[in-house]
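In: give me the fold of what follows.
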Amino acid sequence: MSLIKQLWLAILLVLLLATGGSFVLSTLSSKNYLAQQLQIKNSDNATSIAVSMSQMPKDPTTIDLLLSAEFDSGHYRYIGLRDPNGKVISERVNANSQTKAPMWFVKLIPIKVQPGIADIQDGWKQYGSIKLESDANFVIDKLWHATLLIAIWALAIGVVSCYLSGQILKRILKPLKEVVQQAKAIGESRFITIKEPKTKEFRAVVVAMNSLSNRIKKTVNEEAIRLDALQFQTNFDQISGLMNHDYFAKNINGSIGRTEYFNEGNLIISRLINLAEIDQKLGFVETNVLIKRIGNILEQLCKNNTSFICGRLGGLDFAVFCKKPMDAYAFGNQIKSELEKINRMEHTLLTAQFLHVCSKVKKEDNAALLFDLIHQAFDTSTNNNENSLHVINQNLMADYQNNDRTKWLRLLTSALDYKRIRLEQYPVISQTGALLHYESPVRLQLMPDGKWFTAGEFISWATQLKLMNRLDELVLETAVNMLESGSQPIGLNISASAICNPHFLETTTNIIKNNQYLAHRLYFEVPEQGVFDHLVEFRNFCSQLKALGCKVGVEHVGFRIGRLGELHDMGLDYLKIDVSVIRDIDSNQANQALLRGLCMIAHSIGVMAIAEGVQTADELEVLKQIGVDGMTGAGVRM
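Out: As a prediction, this is how the structure comes out:
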């Protein structure tokens with residue numbers, strides 16, 4: 001039984017004892033008082049009649065008239081006149097007296113009164129005795145009426161007392177509700193803190209749980225900051241702050257390797273061709289300041305364009321990779337114009353001279369091949385003019401030309417209208433090989449009986465044509481239908497724009513509420529960048545779907561490690577570590593240390609750590625030793 005119920009029972013018991021005791025005592029007191037008054041009436045009236053008869057003639061007619069008059073006016077049950085030998089001279093009996101009170105009340109509280117008796121004198125001798133009994137039903141009616149009034153007042157007082165007690169109890173127990181919610185949240189690995197209540201006992205509990213939450217948060221934040229520093233030391237250029245060669249290459253390969261989401265991109269390398277001259281004339285310190293300014297410009301560019309990543313490949317070369325389809329010349333000129341911002345440096349007429357080479361990136365490419373092609377272009381270029389742009393490997397797909405906008409709108413609308421959609425299934429397994437869920441990227445058949453297009457081939461057009469809402473809703477409907485047909489748990493990729501769209505969230509919650517029994521088999525995962533760029537919206541998205549029983553996770557974790565502590569109170573179910581950390585983990589000691597720390601953070605906040613993009617058996621073995629809870633990728637099989 002809950003504490004609230006026990007308190008209510010205690011309050012009701014106290015009220016019942018108080019009002020019931022008052023009721024019983026009042027009733028018994030009234031009964032005794034009325035019985036006493038009735039007894040006095042009997043005695044006084046008997047004496048009064050005896051005195052009157054003693055002074056009057058003793059003829060039978062006069063006596064009968066006196067008894068009749070007294071009987072009719074005095075509410076008597078019985079009046080009798082007897083001679084000294086006990087023989088009845090005259091008597092009156094009220095045989096029709098009835099009470100308005102119920103019989104159970106009469107039996108429960110009987111009125112027992114002794115009759116009034118007095119002697120009548122005739123001169124110096126006794127004429128007889130008068131005996132009378134008042135009608136007790138009249139007293140019982142009065143007592144019954146008084147009892148009803150007392151009961152009504154007791155009930156009214158009880159109701160008012162219950163209401164006031166309820167309000168007081170609600171005020172007293174309000175902190176308890178918050179304590180219970182906090183305890184449930186901590187049980188769900190959401191380490192929240194609440195305001196300390198004024199109640200001493202509750203405050204002690206809240207202080208302890210707040211201390212636990214703060215300690216977890218502090219531990220996670222400290223570890224996240226440490227890992228962020230470790231990652232910067234291991235995977236980033238210390239001068240420019242950009243990704244180093246190896247880490248940049250892994251990110252390119254990881255993006256290309258997501259064949260369901262990647263179709264075409266661009267890579268540009270901008271070479272600072274007069275770096276040696278700058279270093280000679282400005283010195284080591286000023287040269288590093290220039291390199292840092294270049295890094296800041298490219299880093300800001302990537303923050304403004306979520307599909308861009310940037311790195312420093314060596315002393316001379318800075319690179320930017322775009323993982324979405326884009327015109328190579330437009331992309332190259334965008335990077336070129338950004339770097340022109342630092343062409344004139346303070347206190348010198350010396351300019352930074354860049355040579356830019358941009359290459360189209362296709363599904364079959366890899367980072368090493370692209371670097372070789374671009375470096376060959378640098379070596380064979382005949383036009384090395386300052387800030388010139390060369391585009392190689394320019395093999396644009398006709399489908400991505402701007403003049404095909406109408407065609408894409410028609411094709412995508414047709415596919416969505418006729419629901420030519422399917423979800424692929426790639427397993428995510430535990431260390432023991434058990435299935436956790438299926439990653440389910442979407443594919444569309446743009447033409448009846450035609451090719452099935454991966455998300456990477458149409459997603460940019462769906463975004464431009466504002467069809468993402470329809471696509472997201474259709475993906476969810478398809479997943480629910482698959483689950484109804486007996487499919488294993490399904491994981492859906494949710495974009496940042498979707499979690500920021502109130503209509504999508506409302507539609508999603510309605511669909512899940514109508515299929516509540518399937519909720520525990522639905523997994524929603526949002527990219528790390530989208531989570532931290534829209535943390536408030538993600539928190540709302542997470543709380544609503546978790547309340548329905550769905551699983552929620554963050555994918556591609558590895559770029560904002562220092563902010564992972566901000567996720568400690570959301571009750572997430574899993575984190576998917578980005579392929580850039582996982583690739584070649586069996587031979588990369590630094591990334592192994594980084595991954596151990598990420599697993600520690602995940603386990604500290606009660607979530608699973610899942611490795612993305614696993615390719616080899618050696619990687620699988622090392623991941624198990626590190627303590628990863630799950631794996632997915634080309635090297636993972638059921």
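In: how many neighbours does Asp365 have?
Out: 19 (other CB atoms under 10 Å). For glycine as for every other residue, the C-beta is placed from the backbone atoms N, C-alpha and C.
In: go on, Arg560?
Out: By other CB under 10 Å, 15 other residues sit near Arg560.
In: list the contacts for it?
Out: By CB atoms under 8 Å, 6 or more residues apart in numbering, the contact set of Arg560 is 528-529, 532.
In: quick check, nearest of those to Ser213?
Out: Ranked by distance to Ser213 (CB to CB), the contacts of Arg560 are led by Phe532 at 20.7 Å.
In: would you verify that that closest one is located in a strand?
Out: No. Phe532 is assigned helix when assessed by DSSP: H, G, I helix; E, B strand; the rest coil, not a strand.
In: quick one: residues contacting it.
Out: Contacts of Phe532 by CB under 8 Å, 6+ apart are 560, 563, 566.
In: next one: phi and psi at the nearest residue to His603 once chain neighbours are set aside?
Out: Closest residue to His603 apart from its sequence neighbours, by CB to CB, 6 or more residues apart in numbering: Ala609 at 7.2 Å. Main-chain dihedrals, Ala609, degrees, to the nearest 10: phi -110, psi 120.
In: surely Ala609 meets Leu575?
Out: Yes. The pair Ala609 / Leu575 is scored as a contact, 5.6 Å apart, by CB atoms under 8 Å.
In: one step back: between the contacts of Phe532, which sits nearest Leu28?
Out: Looking across these and measuring by CB to CB, the closest to Leu28 is Glu566, at 69.7 Å.
In: more neighbours, Ala609 and Leu575?
Out: Leu575 (26 against 23).
In: wasn't that one part of a strand?
Out: Yes. The assignment for Leu575 is a strand, going by three-state DSSP.
In: what sits against it?
Out: 553-554, 557, 564, 598, 602, 607-610.
In: rerun that using 7 Å as the cut-off
Out: By CB atoms under 7 Å, 6 or more residues apart in numbering, the contact list for Leu575 reads 553-554, 557, 602, 607, 609-610.
In: mind putting the residues you listed in a markdown table, pLDDT, distance to Lys624 and secondary structure included?
Out: Output for the contacts of Leu575, formatted as a markdown table (pLDDT from 0 to 100; distance: CB to CB, whole Å; DSSP: H, G, I helix; E, B strand; the rest coil):
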| residue | pLDDT | distance to Lys624 | secondary structure |
| --- | --- | --- | --- |
| Gly553 | 95 | 20 | strand |
| Val554 | 95 | 22 | strand |
| Val557 | 93 | 19 | strand |
| Ala602 | 89 | 15 | helix |
| Val607 | 90 | 18 | coil |
| Ala609 | 94 | 12 | strand |
| Ile610 | 95 | 13 | strand |
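In: strands of the stretch 301-450 of the chain, residue ranges please.
Out: 308-312, 317-322, 354-362, 388-392, 421-423, 426-430, 435-439, 442-445 (DSSP state E, counting those that start in this stretch).
In: how about those in TSV, adding distance to Ala156, mean neighbour count and mean pLDDT?
Out: What follows is the strands of the stretch 301-450 of the chain, written out as TSV (distance: least, CB to CB, whole Å; neighbours: other CB atoms under 10 Å; pLDDT from 0 to 100):
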stretch	distance to Ala156	mean neighbour count	mean pLDDT
strand 308-312	75	24	94
strand 317-322	78	25	95
strand 354-362	83	23	91
strand 388-392	90	18	87
strand 421-423	65	17	93
strand 426-430	64	18	94
strand 435-439	61	21	94
strand 442-445	66	21	93
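In: which among these is found nearest to Thr199?
Out: Using CB to CB, the nearest of the strands of the stretch 301-450 of the chain to Thr199 is strand 435-439, at 43.0 Å.
In: ok, residues contacting the closest one?
Out: 425-430, 488-491, 523, 630, 632, 638.
In: buried sites along stretch 54-68?
Out: Judged by neighbour count using 16 or more other CB atoms under 10 Å, the buried positions of stretch 54-68 are 54, 63, 66-67.
In: figure out the length between the terminal residues of it.
Out: By CA to CA, to the nearest Å, the extent of stretch 54-68 from end to end equals 17 Å.
In: how about the helices in the stretch 251-400 of the chain?
Out: With helices called from DSSP state H, counting those that start in this stretch, the stretch 251-400 of the chain shows them at 275-282, 284-304, 328-339, 367-380.
In: so how far is the third one from its chain's centroid?
Out: Here helix 328-339 shows a centroid-to-chain-centroid distance of 44 Å under the convention CA atoms, centre = their mean, to the nearest Å.
In: output the contacting helices and strands for that helix.
Out: strand 264-272, helix 284-304, strand 354-362, strand 388-392 (3 or more CB pairs under 7 Å, 6 or more residues apart in numbering; DSSP states H and E).
In: closest to Leu282 among the buried residues of stretch 54-68?
Out: The nearest one, if we look at the buried residues of stretch 54-68 relative to Leu282 and count by CB to CB, is Leu67, at 140.1 Å.
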